[in-house]
Each structure stands twice: as C-alpha cells, then as structure tokens.
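# next comes the sequence, and after it the predicted model I'd like to discuss.
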Amino acid sequence: MRTERNPVAVGAVSLTVIVLLLLAAFNSDDLPIIGGGTTYSAEFTEAAGLIPSNEVRVAGVKVGKVTEVELDGDKVKVSFRVKDAWVGDRTTAVIRIKTLLGQKFLALDPQGSQPLDPGEPIPRERTLSPYDVQEAFNGLASTVGQIDTGQLADSFRVLSETFQGSAQSVRGALDGLSALSKTISSRDEQLAELLANTNTITKTLADRNEQFEKLLADGNLLLGELRKRRDAISALLNGTRQLSKELSGLVADNSAQLRPALEQLERVTTMLQRNQDSLDRSLSLMGPFFRVFANTLGNGRWFDTYICGLLPPSVNLGVVGFNEEGCLPPGVQRQPSTGQAPAASNPSGGGN
C-alpha cells in the first residue's frame, strides 16, 4: 500500500539542505577537506595598510590569503592561511605593494629545514614592513658604498664613445649620461659623507627612541595638567561671576535698608571728625599750661611760684610806708628813677 509523504517535512528538509549547501559554497575555504589550508601568523612592527583578504604569495604565486590583522601589545599580529605550499621554520615575511592604488600582499620566503609550527608566529626579526626608513637608508648606504664610481664613469665614457656615430638624440642622451657619471664620480666623497651622516642620524634617532617616547608622554601629561588648570580657572571665574551677581542682587534687594544705615554712618563719621578736631585743639591749648606746670613742679619736693595778689598794694605816706617794693616778681628790681617795675620776662621765679 503506497503512503503519501508529508509535504511540510519534505519542504523543511529541502530548505535545510539548500541553506547548508549555500553556507558550504560561501565558506569553502574554511572547510577541512576541500578548502582551508594551514593557518600561520607573523609579527610586524606596523600593519602598513595590510587588511584581511589580501593575498599571500610565495615567489610571486598566490598560495593563500590574510585572515586577520590585529594589535598584539606593541606589535601587529597578522594571521594568514597557506595552501599547497611548504613553510619552513626559518621563513621570512614581507609586506609588499601590489598596485599603485596602495593594495598590499604578504610575501613569504620559505627557509629552514623543518616545517614551521602553526602555533609559533614568525618573529619580528624575520619580518619587514614597507617604508622602513632606517632599513632603507642603511641599505642605501651599504649599496652605494660598494659602487666603484671610477669604473662606472669609465663604463659610461666607453658607452658614449661607442655610440658616437649614432643619431643625434642618442648621442645627446649618452653625453648626458657621461656628464652624470662624471658628476657622480666628482662628488663621490661628498655622497659617501652624506650617506654616512644620514646613517648616523638614523642610528641616533633609533637610539633615542625611548627618550622621544618619554618626551611625548611627558608632553601629554603637561597638556593634561594645563587642561586641569584651565578648568579650575574657568570654574573660579564662573564662581566669581556668580558671586558678583548674588552681591548685586543683595544690594538691589536691600537698598532701602542700606541707604539709611549709610546715611547714619556718614553722620557718625562727621561727628567723630569734629570731635577729633576738638581734641586736637584741646591738646594744642594745653601744651603751654603743662609746660609752665612742669617748670613749676620740676625742682623736687617743692615748687617755685610767687603770690602777689594776696599782699596789699604799695603804700607810701612819706613818714610811714607799707610794702614799698610793691608786688614784683622774684628777681626783678624796681628802677630808682621812675619807681615802677618793669614787666617780668618770666612769670616763674623766686623760691618758697
């Protein structure tokens, strides 16, 4: 007896199979049998624009692709997959330029006697990034230093003489090459010195790398501290501005109460000033009194003075007389001609 199949189950199984086939097609390189390969890693000083999906080449032949580029501490770790290629334990890796638009690829140079362990990355000693200025100048200095400039000039000269019978344009080009060779030969010492100095500069910069890093770090700290001081000063100015607004509001709100108080304070200060003037005048007037008083009581246990107003006036009846001398200050004698006493120059005198 023939039974009918459940269309729902058949549809579900068919869709599952189709999805699995699509996933296998898009990820065929990651499959263990039909694709993939062996995954290795390398350490570089910089990524130099290398991105995942860039090619991996051995002797110019594509053998895999870059799978991941990530930062690992102070270095860049590049993971790549290689298929159908032998990679030795002394293999070197170089990031090279593929196109003029800046696309890169990873070039491997398989070396060594044993296969490379996939768990061990290629160290930075065996990797090189493009545009390494120090390595470029070092290589240029060593390469130029090995050139025999004299032989180079002779070669250009022989080449020029050989093509003397050629066309005018060719002879002109060769003459130019000959002049260039003479110029290079005459400047050999200067070029050698320039390259040597360039090598010294690059080596000095490399040796001072830690100082440069520390200088940049200290500069960053200084900028951070200046930023904090700027924020503190800004907060201080904002607080001062807010305080001035509050004080202005306080004065405006209490102007009715503050005006009478200030007026009373002005009256008090005026009165105090007037009293101060009176005290100054009193002290000025008391000065002569205290000076005379000090002269009177300045002789110890007694004081010098004279009493004139308590005695009767001078009486002279011819036969009988009383107080003929009159009231004269001590030390002043009456003049015999006029019988009048002169004015005393010093009111104090005499002793009792």
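Here it is on my side, so go on.

# quick one: contacts of stretch 77-88?
By C-beta atoms under 8 Å, 6 or more residues apart in numbering, the surrounding residues in contact with stretch 77-88 are 29, 35-44, 47, 50, 56, 58, 63-71, 93, 106, 108, 110-116, 121. Any C-beta I mention is one placed from the backbone N, CA and C, and that applies to glycine too.

# where in the protein is the helix or strand with the lowest mean pLDDT?
Every helix and strand in the chain was compared by mean pLDDT, DSSP states H and E; the lowest is helix 133-145, with a mean of 60.

# what's the following helix or strand past it packed up against?
Using DSSP states H and E, the helix or strand that follows helix 133-145 in sequence is helix 149-162. Under the contact definition 3 or more C-beta pairs under 8 Å, 6 or more residues apart in numbering; DSSP states H and E, helix 149-162 sits against helix 168-186.

# buried sites along the helix or strand following the helix it packs on?
Next in sequence after helix 168-186, counting helices and strands by DSSP H and E, comes helix 188-207. Using 16 or more other C-beta atoms under 10 Å as the test for burial, helix 188-207 gives 188, 191, 195, 199, 202.

# check stretch 86-98 too.
87, 91, 92, 93, 94, 95.

# can I get those residues in a markdown table including pLDDT, distance to residue 177 and secondary structure?
Shown next, in a markdown table, are these (pLDDT from 0 to 100; distance: C-beta to C-beta, whole Å; DSSP: H, G, I helix; E, B strand; the rest coil):
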| residue | pLDDT | distance to residue 177 | secondary structure |
| --- | --- | --- | --- |
| 87 | 87 | 44 | coil |
| 91 | 90 | 41 | coil |
| 92 | 90 | 36 | strand |
| 93 | 89 | 39 | strand |
| 94 | 89 | 33 | strand |
| 95 | 87 | 35 | strand |
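
# and residue 120, what pLDDT?
Looking at residue 120, its pLDDT stands at 87.

# can you tell me the SS state at it?
Look at residue 120: counting by DSSP: H, G, I helix; E, B strand; the rest coil, its state is coil.

# what about it, how many residues nearby?
As a burial measure, residue 120 scores 10 neighbours (other C-beta atoms under 10 Å).

# residues contacting it?
Residue 120 touches nothing, counting by C-beta under 8 Å, 6+ apart.

# ok, back up a step: of the buried residues of stretch 86-98, just say which sits nearest to residue 127.
Among these, residue 93 lies closest to residue 127 (C-beta to C-beta), at 4.7 Å.

# chain neighbours aside, what residue packs nearest to that closest one?
In space, residue 93 comes closest to residue 42 once its chain neighbours are excluded; the distance is 4.3 Å by C-beta to C-beta, 6 or more residues apart in numbering.

# just after whatever helix or strand the one you found lives in, pick out the following helix or strand.
Using DSSP H and E, residue 42 falls within strand 38-44. Counting by DSSP H and E, the next helix or strand C-terminal to strand 38-44 is strand 55-58.

# alpha carbons of the following helix or strand past that following strand, as CSV, please.
Sequence order places strand 61-72 as the next helix or strand after strand 55-58, per DSSP H and E. C-alpha atoms of strand 61-72 as CSV (Å, rounded to 0.1, in the frame of the first residue of the first chain):
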residue,chain,number,x,y,z
VAL,A,61,52.5,32.8,-6.8
LYS,A,62,49.3,33.1,-4.8
VAL,A,63,49.2,30.4,-2.1
GLY,A,64,46.7,31.8,0.4
LYS,A,65,45.2,34.9,1.9
VAL,A,66,45.4,37.1,5.1
THR,A,67,42.6,36.1,7.5
GLU,A,68,43.2,38.6,10.4
VAL,A,69,45.2,41.7,11.3
GLU,A,70,45.1,42.7,15.0
LEU,A,71,47.2,44.6,17.5
ASP,A,72,49.0,42.4,20.0
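
# tell me which residues in strand 61-72 are buried?
Buried residues in strand 61-72, counted by 16+ other C-beta under 10 Å: 63, 64, 65, 66, 67, 69.

# quick revisit: for the strand holding residue 42, buried residues please.
For strand 38-44, by 16+ other C-beta under 10 Å, it's 40, 41, 42, 43, 44.

# looking at it, the last one is touching residue 74, isn't it?
Right, the one you point to is residue 44. No: using C-beta atoms under 8 Å, residue 44 is not in contact with residue 74; the gap is 11.2 Å.

# domain parsing of the chain, as residue ranges.
Domain assignment for the chain by automatic domain parsing gives 36-131, 137-207.

# now these as a markdown table including distance to residue 258?
Formatted as a markdown table, the domains of the chain follow (distance: least, C-beta to C-beta, whole Å):
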| stretch | distance to residue 258 |
| --- | --- |
| domain 36-131 | 68 |
| domain 137-207 | 71 |
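
# tell me which of the ones you listed lies nearest to residue 219.
By C-beta to C-beta (comparing all of the domains of the chain), the closest turns out to be domain 137-207, at 17.6 Å.

# hey, which helix is longest across the protein?
helix 209-253 (DSSP state H).
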